Structure formats: structure tokens, C-alpha cells
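Enquirer: Requesting a structural model of the entry that follows:
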Amino acid sequence: MSAIRTRVVSAPYRRPFQISSGISTDLISLVVEIHTADGAVGIGETSPMTAYTGETLAGVTAAIEEHLAPALIGRDPLDRAGAHVVMDGVLRGQHVAKSGIDIALYDLAGRLSGWPVHALLGGSIRSRVQTAWVVGLGTLDEMAAEAAEYSARGFSHLKVKGGHDPAKDLELIRAVRAAVPADTEICLDANEGYDATTALPYLAKMTAAGLNLLEQPLPRWDLAGMVRLRERLDVRLMADESMHSLHDALEIVRRGAADVLNIKILKVGGLHRALQIANLAEAAGLAVKIGSMPELGVATLAAVHLAAAVPGATVPADLVGPLLVEEDPLAPSVFADCKGWIDVPTRPGLGHDV
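Expert: Take a look at the predicted model:
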């Protein structure tokens, strides 16, 4: 590696994207470029989504430019595992920053080898990847109408955001279930918004009303509560905010706190770490969803390749970042006119034109 550079890109959401912990009007990302002395370039992307991670764009930029890049310059760009050892040695945590570099290294390796990134991850067992549609917070009528619209467009797995009030979320699940075909899967993402005691009776009713998957209903630290819910509810439980690392994933497995792991590449530090977690999930018999912060096209393409390569990624991925914005500035052609499925790129690297 001869140089690592960053630049900011952004795109306005079609409508403000709201979850229980905050709202965003623009999707803001940091593009990471890794250059070699021979003139080759790998492109990565990372996005802090402050409402979710608590990290800021300024902090992520500083972590890369002031700490990670100086430690990596001069190293072999094909040594991705070694790059993670170095990054972890100079800076604890900062997974969002590390993921931007990791994705750029995979893109670079693919371009240099002539292979698509999924080949570097073990191969592609899927030529197309199914994506869910994610319905952000709004009024009940707005959310049910959006769910119906995207179900009609071909999205057969819908994630609806909740978490403020389990009683209102019960109404929401009933409204969405009434608005979409019976074979459409519904996931409720509470983004840590509930406490187990108050929410349990409502969650049981949501299950009876046709809820198929429940994502992170409790605070990230409450694995004991997640275990209790899993024992008492007849619905699959998915961990998201509870899992930011391989060690978190191992503890979830040990405790029996989830049926599904939501692996977000940016959250866990990049494709290298994400694949480690996916392998752990496979060994433990847990299903995987490849999630999203969300991000723009480059990082979303990384998620497409990961979802194609991981056998246990049987829950439809969240590949919606480029679809939620007015126009994706990084990979618009790949995600244009999506109807619930995305073709896995076969070009070298990630398959973008940045």
C-alpha cells in the first residue's frame, strides 16, 4: 500500500429514515481508496449512521487518516488478515473505520487477481441474492401502505421498524399482515426499544398475528432477557445490536440468545471479520442475515458478495441503502429497478465503476 485516501459522499433519503434511536435525512458515507505503487486502486466505503452506532463521520475519518492509514502504508495489500492484526494493534474498536479499509482491500485483491470478491470469500453458492425491503418509522397508515407497495413490487420479506411502544407495534403488525399476501414474511426490528417484562404479552400476540422474525427487541446488553424471550415466544429471534464482534457472537451462541445473527459488515469491522462470524454461526446451527446500516452502493455490493458466499445466509439480506436514496452516487446500475433480488456481480473486485 502506497497511499490511503478518503472522501465524503452523500445522498438524500427519499423520505427521512427513522429508527427508534434517531432519524437521518441523508445517507452520508466515507469512500476509502487504497493505492499501490503500481497504480492499482481498491475502493471501499463506510458509513457511521450516528443514530445507530454512536460514531461520527469526523471520528471515523480521523481514525483512518491519523491512526490506521499510517500503520498500513508500506504493507502488502493482499495480506488482509495481517492488516486486521495491525489495525487492532494500533486502535481498539473503531469497526466502522476498519471496515472501510477492509472493503477496499478486498476490492483491490479482486481487481489484481481478476476475481470477483465472492471468490475471495469462498465462492458463490447463489447467483442472485434476495433482499428484504425495510420500512422506516412513520404513521401506521404510512408504514402499512409502504409495505403493501413494496410487496407488490416483488419484495416477499419485509422488515418494519418499531420499538417505541409494543402496543402500537402490535397494531402495526396486524395492519401490515392485512395489507400483504399471506406468504410475505414480516420481521419487526425494535432496535433495542423494549423491556422484556412489558413487551412479552404483546410480542406473543404479534406472533399470533403473523410475525415471522423478531429483531433485537431488548437492549444490547440484555442477553439474559433475550434468552427468556426465546424460550417463551414461538418466533425466531435475531440479534443485531448485541453483536459487534466475533466475541459477541460467541457469547450469544453460548447463551442460546438468538436463532439468527444479523451480520453487518460495517458493524463488525469488515468482510474478514464478517466471514469469521458467519462460520461460527454455521458451526452453531444459527441462520444469518447480511444486514445494512444502511450504506451506499460500494459497501452494499460488499454485502451482496458476502450473502452469495455464506451458506447460512438464508434470511433475506438488507441490501436497501441504494434503494432508499434519491440516487446512489456509487453503483446506481447494479441496484436499478430492484424487485427483491440482486444479481451477484461477476466482474473483478466488487463490481462497481467508481
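Enquirer: Quick check: pLDDT value at residue 44.
Expert: Residue 44 carries a pLDDT value of 98.
Enquirer: Residue 296 is in contact with that one, correct?
Expert: No. Under the criterion of Cβ atoms under 8 Å, residue 44 makes no contact with residue 296, lying 11.5 Å away. For every residue, glycine as well, the C-beta is placed using N, CA and C.
Enquirer: For the chain, just list every one of the strands.
Expert: Assigned by DSSP state E, the strands in the chain fall at 3-19, 22-35, 41-46, 128-130, 133-135, 157-161, 185-189, 213-215, 236-239, 260-263, 287-290, 341-343.
Enquirer: Low-confidence ranges, the chain, go.
Expert: 20-21 (pLDDT under 70).
Enquirer: can you tell me how far residue 35 sits from residue 222?
Expert: Noted for residue 35: a distance of 44 Å to residue 222, by Cβ to Cβ, to the nearest Å.
Enquirer: do residue 78 as well
Expert: From residue 78 over to residue 222 the distance is 41 Å, taken as Cβ to Cβ.
Enquirer: Could you do residue 186 as well?
Expert: Using Cβ to Cβ, residue 186 is found at 23 Å from residue 222.
Enquirer: When those two are compared, which one has more neighbours?
Expert: Set residue 186 next to residue 222 and count neighbours by other Cβ atoms under 10 Å: residue 186 wins out with 24 against 18.
Enquirer: can you pull up the bridge partners for the more buried one?
Expert: Assessed by DSSP bridges, residue 186 has beta-bridge partners residue 158.
Enquirer: what sits against it?
Expert: Counting by Cβ atoms under 8 Å, 6 or more residues apart in numbering, residue 186 makes contact with 147, 158, 160, 173, 176-177, 180, 210-213.
Enquirer: Out of these, list just those in helices.
Expert: 147, 173, 176-177 (DSSP state H).
Enquirer: Most neighbours among those residues, which one?
Expert: The most crowded member of the ones in helices among the contacts of residue 186, judged by other Cβ under 10 Å, is residue 176 (26 neighbours).
Enquirer: Residue 333 - how many residues pack around it?
Expert: Neighbours of residue 333 (other Cβ under 10 Å): 11.
Enquirer: how far away is the residue nearest to it when sequence neighbours are not counted from residue 14?
Expert: Spatially, and ignoring its direct neighbours in sequence, residue 333 is nearest to residue 353 (7.7 Å; Cβ to Cβ, 6 or more residues apart in numbering). Per Cβ to Cβ, residue 353 is found 23 Å from residue 14.
Enquirer: related to what we said a few turns ago, verify the contact between the residue nearest to residue 333 and residue 331 for me.
Expert: Yes. Using Cβ under 8 Å, residue 353 is in contact with residue 331, at 7.2 Å.
Enquirer: higher neighbour count, these two?
Expert: The residue with more neighbours, out of residue 353 and residue 331, is residue 331; 23 against 11, by other Cβ under 10 Å.
Enquirer: quick one, what contacts the more buried one?
Expert: Taking Cβ under 8 Å, 6+ apart as the test, what residue 331 contacts is 296-298, 300-301, 322, 351-354.
Enquirer: how much space is there between it and residue 309?
Expert: 18 Å.
Enquirer: ditto for residue 114
Expert: In this view, residue 114 and residue 309 are 17 Å apart by Cβ to Cβ.
Enquirer: With neighbour numbers in mind, choose between the two.
Expert: Taking neighbours as other Cβ under 10 Å, residue 114 and residue 309 compare with residue 309 leading, 24 against 10.
Enquirer: Leaving aside the residues adjacent along the chain, what's closest to that one?
Expert: Spatial nearest neighbour of residue 309, chain neighbours left out: residue 121 (3.9 Å); criterion: Cβ to Cβ, 6+ apart.
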